[in-house]
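Trainee: here are the coordinates; sequence isn't available:
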């Protein structure tokens, strides 16, 4: 596979052994829709640590549909790279509806993307008083509304939570494309 993603098309190769087939197929379908509609995607990832961006760059022939990814694992990174006010994180918590929405909107504001997906949550155990497997998603479309989704994956482990989060993220981005 060429490093720039150009080539003859086909399945995601780098992550393929770890991904469910349905997730690979969803990524390929999303990227095809974006290519056909001349839409660009961006991601703002915390608990998934860049896994979504990696998946979206693994599909050959669709590199022009992915504009950029922000891996913002720390609170400082969320503020520095996405322009989120520290007061918002301090008031709501980094794993919250408000921060997920702000991350998605920050990714739109700091990119050339048409659609940005943000994910923040607890991939595995959580601090005392918080819920293991709680994940918030925000999906912004340039010039449109920003949607939120909250999932409770449970204490199923870091890897499984991250894979479930990727599936939800792909679904939300697909919905944003379809909403036009």
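Mentor: Noted; the coordinates are in hand. Remember, predicted model here, so these are calculated numbers, not experimental data.
Trainee: where in this protein is pLDDT low?
Mentor: Confidence mapping of the chain against pLDDT under 70 gives the ranges 1-16.
Trainee: any chance you could map the helices in it?
Mentor: Taking DSSP state H as the criterion, the chain contains helices spanning 21-37, 51-58, 75-82, 86-92, 97-109, 158-179.
Trainee: Residue 123: which of the ones you listed is closest?
Mentor: helix 158-179 (4.4 Å; Cβ to Cβ). To be clear about C-beta, it is placed using only N, CA and C from the backbone, and glycine gets the same treatment.
Trainee: what comes up buried for that closest one?
Mentor: For helix 158-179, burial by neighbour count (16 or more other Cβ atoms under 10 Å) applies to 161-174, 176-177.
Trainee: who touches it?
Mentor: The contact list for helix 158-179 (Cβ atoms under 8 Å, 6 or more residues apart in numbering) reads 18-20, 22-23, 26-27, 29-30, 33-34, 37, 39, 41, 43, 47-49, 51-52, 55, 115, 117, 119, 121-124, 133, 135, 137, 139-141, 144, 147, 149, 151, 153, 156.
Trainee: Could you do stretch 120-135 as well?
Mentor: 46-48, 78, 94-96, 99-100, 103, 119, 136, 150-158, 161-162, 164-165, 168.
Trainee: Please indicate which of those are buried?
Mentor: 46-48, 78, 94-96, 99-100, 103, 119, 136, 151, 153, 161-162, 164-165, 168.
Trainee: follow-up on the earlier one: could you turn the buried ones of the contacts of helix 158-179 into a ChimeraX selection?
Mentor: Here the buried members of the contacts of helix 158-179 are turned into a ChimeraX selection, burial being counted by 16+ other Cβ under 10 Å:
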select :19,23,26,27,30,34,39,41,43,47,48,49,51,52,55,115,117,119,121,122,123,124,133,135,137,139,140,141,147,149,151,153
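Trainee: Of the contacts of helix 158-179, which belong to strands?
Mentor: 41, 43, 115, 117, 119, 121, 135, 137, 139-141, 147, 149, 151 (DSSP state E).
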